[in-house]
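In: With the input below, show me the fold.
(chains A and B)
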There are 2 protein chains.
Amino acid sequence: MAWQSPKGTRDFFPADLSALQHVEKSWRSASINAGFDEIEGPMFEHLDLYTVKSGDGIVSELFSFRRDNGDTDYALRPEFTPTLARMAAAKGRSLAVPTKWFGIPNHFRAERPQRGRLREFKQWNVDMLGIDSPSADAEVIATAIRALADLGLTSEDIVVRISHRDVVAKMLLDGGLKEAQLQVALGLLDKREKMPADVFTEKVSAAGIDPSVFAPFDNDTEASHEDLSTLLHELKQWNIDKWCKFDFSIVRGLAYYTGIVFEIHESGGNERAIAGGGRYDRLIEMFGGPSIPAVGFGMGDVVLSLVLRDKGLLGDGNDLLPTPEVFVISASDEGDSAISETVALLRNANLHTRRSYKATKNVGKLLTEAANSNARFAIILGEELSRGEYVVKNLDTKDQVTLQRANLIEHLKS
Amino acid sequence: MAWQSPKGTRDFFPADLSALQHVEKSWRSASINAGFDEIEGPMFEHLDLYTVKSGDGIVSELFSFRRDNGDTDYALRPEFTPTLARMAAAKGRSLAVPTKWFGIPNHFRAERPQRGRLREFKQWNVDMLGIDSPSADAEVIATAIRALADLGLTSEDIVVRISHRDVVAKMLLDGGLKEAQLQVALGLLDKREKMPADVFTEKVSAAGIDPSVFAPFDNDTEASHEDLSTLLHELKQWNIDKWCKFDFSIVRGLAYYTGIVFEIHESGGNERAIAGGGRYDRLIEMFGGPSIPAVGFGMGDVVLSLVLRDKGLLGDGNDLLPTPEVFVISASDEGDSAISETVALLRNANLHTRRSYKATKNVGKLLTEAANSNARFAIILGEELSRGEYVVKNLDTKDQVTLQRANLIEHLKS
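Out: The predicted structure is shown next:
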């Protein structure tokens, strides 16, 4: 009987997990450095939390289930913003201004798995509540860029494509789109890059929209907006303007965005978006909280890891595993009797200590095992134990010394 | 409309999460120190993975859902051992001996929430595969104790209650229990402490079992087993025997345990078990892997946090939050223009930097805000900026210096 992980999910063996943790470490450190406080919420929420505001796009993608005598529907969380909005609303008037939160939750989407898109993934969420000015948008974008730079990416590798919902809407309406078709047209524009041109034209026509309203998005445009001017000024202050460009073909799929929106892409355009975000000034209020402006983004681990691997910035994770300081081997019967006690002594001194569990007394073989563990030192428990002595070999320099127990820890920590 | 987290789940605001992370840090550091490698698996698995071996007890406690055109049933993971067994089996003959894995996964149980028992919780799992000897059991117990000691608990606070399935079975059968009633009797014994004595007697009688078979478990017993003698010897080598005692009323509920089993309890007996574990020598094989002995335990965050809080070892988490190194305030129009650029400079120098977002120029109020953030330094951006100078105030000593930009970072890092 062959058991497998569910379709679109992953088993993280040690090297896989250390690669993910390497990414998470950059996310967390960029967040804390920028004064964001970490939060977490439930892995599932009441289904209503998603149906009430995310638009119909999200519903078919949910893993949902009914419990409690069939009274209550739950769904695995497909994104963090509704949880964050609920938590902010729960604080009510006691919510600090600004509130700067980040998190690294798991998310779940019941889609067909494809490159860059899994059914379970990690997502870094960074949100800033209470600041109306595009300076907050610049600060969250700067935080994203800091993590990407920490992972080794440069402004050659990455582009932050920035847009504004109002500008896009105006461009469409100026081109002759009917107001009533706006949400549909925004949804189509959002998905345009992910399909061949003829399929896009077909879908547009099927929706009763004149394809020519999308023509302005193929070219650079002179469109402007006060928010974007302020944002550009701030991006220069942060010295990250070279990572960014305005691109009005970006609209973001989710219904709750209200102003500036952005996506972070690999410059070659070969992958899905690395991150997406924007302003959602009306969402906290929608969940019963105070009226408070907000801006944030989400960055998943899947596309980012593809980009990092492609650029040689994330190996197979083996080189990221913790390595022991000491590896203990027994070369005698006295050694066998003393090994647990010796390992306990070392671990209690905060030394990452491994040992051989092999029955052999062949010191050559055992030292090979010690070297393969990448330990810095090997301790050989041999006949010297009867004199209270331990043989310590530095596995880098091959130097070997014989030490009294009282000097052991000091030597290993030097 | 008031939105709440689902029953039995938790919202982790920053202080709550920092308390959880404090516990996780001790778990992770004890694991790595003892040479365990971290793994993670999917948050949900095929439902069959649980129904095949955990006994019927687990099924009613699962959050399950059907997807993919109704073809596939999944369940949120209620424990980690089946995932670990599946992952070990997938490695087949390439699985290292021993394999030492740990993880800190979330788990889900669709039970009625009660003290110490939630519907979603974190659980530290530590498992050692490939070592038949009770020395492995001692090593995982020592790893558990190391984390608890790191959190401030002592052998006065905590007791590891150790038992053996074979001993318990023999005691029951010697007392007259029928072989066919063994699994039912073990299940009842496992739950005995959680119910009043008369309810227990009622349930036992209802199962057609003579209550007198449980009498030996009320007293100390002379029962012995070679595994337990070896284990006791090893616990002494690890110098943790004072944390442990044999207690044959411990059986563990899950069907897959095969030998030594143990639970860790608060000494006063006031809470549910902090941790539980034991040998499961036949499980990897059951999932299609090689025949390989295994021992491990799980320790949830909920009961442990109750015990730590009760003993004053885990405050409200506020004192565990990261504190900024620098807090930047603007006392002039020049300051307003320079603040983003200054904050960027500091963060890029790896200094945890926060700032005021207030419009006021009242330096007293702004310095109070800086002090409330627990920052070490405040930088005041004032008129001195026109001479390229920054006013830096040490918030601990109240010393204030005026520095050129070139000397700023060095001073803040000193």
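
In: Is chain B within reach of stretch A:31-48?
Out: Yes. Judged by C-beta under 8 Å from any C-beta of the partner chain, stretch A:31-48 and chain B are in contact via A:32-35, A:37-46. In this view, the C-beta of every residue, glycine as well, is placed from N, C-alpha and C.

In: Filter those residues down to the ones in helices?
Out: A:32-33 (DSSP state H).

In: So which of the residues of stretch A:31-48 next to chain B sit within strands?
Out: The members of the residues of stretch A:31-48 next to chain B that map onto strands under DSSP state E are A:37-38, A:44-46.

In: Determine which two of the residues of stretch A:31-48 next to chain B are furthest apart.
Out: Across the residues of stretch A:31-48 next to chain B, the longest distance by C-beta to C-beta is 34.4 Å; it joins A:N33 and A:H46.

In: Give me the more crowded residue out of those two.
Out: A:N33 (23 against 20; other C-beta atoms under 10 Å in any protein chain shown).

In: List the residues that contact the more buried one.
Out: Going by C-beta atoms under 8 Å, 6 or more residues apart in numbering or on different chains, A:N33 touches A:146, B:347, B:350-353.

In: same deal with A:E40?
Out: A:103, A:105, B:12, B:17, B:20.

In: With A:A223 instead?
Out: Here A:A223 is in contact with A:167, A:170-171, A:248 (criterion: C-beta under 8 Å, 6+ apart).

In: now A:I158
Out: A:145, A:148, A:243, A:264-267, A:274.

In: what about 10 Å?
Out: Taking C-beta atoms under 10 Å, 6 or more residues apart in numbering or on different chains, we find A:I158 in contact with A:144-145, A:148-149, A:243-244, A:264-267, A:274-275, A:307.

In: and which of those residues is nearest A:K203?
Out: A:H265 (22.3 Å).

In: Is the closest one within a helix or a strand, and which one?
Out: strand A:260-266 (DSSP states H and E).

In: Run the contact check for that strand versus chain B.
Out: No. Using C-beta under 10 Å from any C-beta of the partner chain, strand A:260-266 stays clear of chain B, coming no nearer than 16.2 Å.

In: Which neighbours in the sheet does that strand have, and how are they oriented?
Out: Sheet partners assigned to strand A:260-266 using DSSP bridges are listed as strand A:158-164 (antiparallel), strand A:275-279 (antiparallel).

In: Just say which of these is most tucked in.
Out: Of all these, strand A:275-279 carries the top mean neighbour count, a mean of 25, counting by mean count of other C-beta atoms under 10 Å in any protein chain shown.

In: Follow the chain on from that one and name the next helix or strand.
Out: helix A:283-286.

In: Tell me if that next one is near chain B.
Out: Yes. Contact of helix A:283-286 with chain B (C-beta under 10 Å from any C-beta) involves A:M286.

In: buried set for that helix?
Out: A:283-284, A:286 (16 or more other C-beta atoms under 10 Å in any protein chain shown).

In: do stretch A:258-276 as well
Out: For stretch A:258-276, a neighbour-count test (16+ other C-beta under 10 Å) marks A:258-266, A:271-276 as buried.

In: returning to that earlier point: what mean pLDDT does the strand holding A:H265 get?
Out: Strand A:260-266 comes out with an average pLDDT of 97.

In: what's the answer for stretch A:299-310, then?
Out: The predicted model assigns stretch A:299-310 a mean pLDDT of 97.

In: Just the CA trace of it, in PDB.
Out: Extracted in PDB, the C-alpha atoms of stretch A:299-310 (Å, rounded to 0.1, in the frame of the first residue of the first chain):
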ATOM      1  CA  MET A 299       4.200  36.900  -0.700                       C
ATOM      2  CA  GLY A 300       3.900  33.100  -1.100                       C
ATOM      3  CA  ASP A 301       6.800  30.700  -0.700                       C
ATOM      4  CA  VAL A 302       6.200  28.700  -3.900                       C
ATOM      5  CA  VAL A 303       6.900  31.200  -6.700                       C
ATOM      6  CA  LEU A 304       9.700  32.900  -4.700                       C
ATOM      7  CA  SER A 305      11.500  29.600  -4.100                       C
ATOM      8  CA  LEU A 306      11.300  28.800  -7.900                       C
ATOM      9  CA  VAL A 307      12.800  32.200  -8.700                       C
ATOM     10  CA  LEU A 308      15.500  31.800  -6.000                       C
ATOM     11  CA  ARG A 309      16.400  28.200  -7.200                       C
ATOM     12  CA  ASP A 310      16.500  29.400 -10.800                       C
END
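
In: Next, format the buried residues of helix A:283-286 as TSV and append distance to B:V326 and pLDDT.
Out: Shown next, in TSV, are the buried residues of helix A:283-286 (distance: C-beta to C-beta, whole Å; pLDDT from 0 to 100):
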residue	distance to B:V326	pLDDT
A:L283	31	90
A:I284	29	91
A:M286	36	88
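
In: Now for the closest residue to chain B within the stretch 101-250 of chain A: which residues touch it?
Out: Per C-beta to the nearest C-beta, the residue of the stretch 101-250 of chain A with the smallest distance to chain B is A:Q237, at 3.9 Å. For A:Q237, the contact set (C-beta under 10 Å, 6+ apart) comprises A:135, A:138, A:142, B:337-344.

In: hmm, 7 Å instead?
Out: B:340-341, B:344 (C-beta atoms under 7 Å, 6 or more residues apart in numbering or on different chains).

In: May I ask which of those residues has the most neighbours?
Out: For those, neighbours tallied by other C-beta under 10 Å; top is B:S340, 22 neighbours.

In: which stretches of the stretch 251-400 of chain A form strands?
Out: A:260-266, A:275-279, A:294-300, A:326-330, A:353-355, A:377-381, A:389-394, A:400-404 (DSSP state E, counting those that start in this stretch).

In: Between these, which one is closest to B:K393.
Out: strand A:294-300 (30.6 Å).

In: ok, now how distant is A:H411 from A:I39?
Out: The gap separating A:H411 from A:I39 is 44 Å, by C-beta to C-beta, to the nearest Å.

In: Next: A:E266.
Out: For A:E266 relative to A:I39 (C-beta to C-beta), the value is 29 Å.

In: what does the stretch 151-300 of chain A put close to chain B?
Out: Residues of the stretch 151-300 of chain A lying close to chain B by C-beta under 7 Å from any C-beta of the partner chain are A:234, A:237-239, A:287-288.

In: Would you map the helices across chain A?
Out: A:14-33, A:48-51, A:81-91, A:134-150, A:165-174, A:182-191, A:197-206, A:226-237, A:283-286, A:301-310, A:333-348, A:363-372, A:405-413.

In: Out of the ones you listed, which gets nearest to B:S229?
Out: That would be helix A:333-348 among those, by C-beta to C-beta, at 15.1 Å.

In: Indicate whether that closest one makes contact with chain B.
Out: Yes. Judged by C-beta under 7 Å from any C-beta, helix A:333-348 and chain B are in contact via A:340-341, A:344, A:347.

In: would you turn those into JSON lines with pLDDT?
Out: Shown next, in JSON lines, are those (pLDDT from 0 to 100):
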{"residue": "A:S340", "pLDDT": "96"}
{"residue": "A:E341", "pLDDT": "96"}
{"residue": "A:A344", "pLDDT": "97"}
{"residue": "A:R347", "pLDDT": "97"}
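
In: Same list (the residues you listed) but as a markdown table, adding distance to B:A370.
Out: Compiled in a markdown table, the residues of helix A:333-348 next to chain B are given as follows (distance: C-beta to C-beta, whole Å):
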| residue | distance to B:A370 |
| --- | --- |
| A:S340 | 52 |
| A:E341 | 52 |
| A:A344 | 47 |
| A:R347 | 42 |
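
In: What is the nearest of these to B:D210?
Out: Closest approach between these and B:D210, by C-beta to C-beta: A:S340, at 42.6 Å.

In: Flag the shaky bits of chain A, pLDDT-wise.
Out: A:1-2, A:53-58 (pLDDT under 70).

In: Run a quick neighbour tally on A:S337.
Out: So A:S337, with other C-beta under 10 Å, has 14 neighbours.

In: For it, give its distance to B:G296.
Out: Distance of A:S337 to B:G296, given as C-beta to C-beta: 26 Å.

In: For stretch A:156-167, C-alpha coordinates in PDB please.
Out: Taking C-alpha atoms only, stretch A:156-167 is exported to PDB below (Å, rounded to 0.1, in the frame of the first residue of the first chain):
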ATOM      1  CA  GLU A 156      17.900  43.400 -12.000                       C
ATOM      2  CA  ASP A 157      16.100  40.300 -11.000                       C
ATOM      3  CA  ILE A 158      12.900  41.800  -9.600                       C
ATOM      4  CA  VAL A 159      10.300  44.400 -10.600                       C
ATOM      5  CA  VAL A 160       7.600  45.900  -8.400                       C
ATOM      6  CA  ARG A 161       4.800  46.700 -10.800                       C
ATOM      7  CA  ILE A 162       2.600  49.500  -9.300                       C
ATOM      8  CA  SER A 163      -0.900  50.500 -10.400                       C
ATOM      9  CA  HIS A 164      -3.900  52.300  -9.000                       C
ATOM     10  CA  ARG A 165      -7.500  51.000  -9.200                       C
ATOM     11  CA  ASP A 166      -8.900  54.500  -9.900                       C
ATOM     12  CA  VAL A 167      -6.500  55.100 -12.800                       C
END
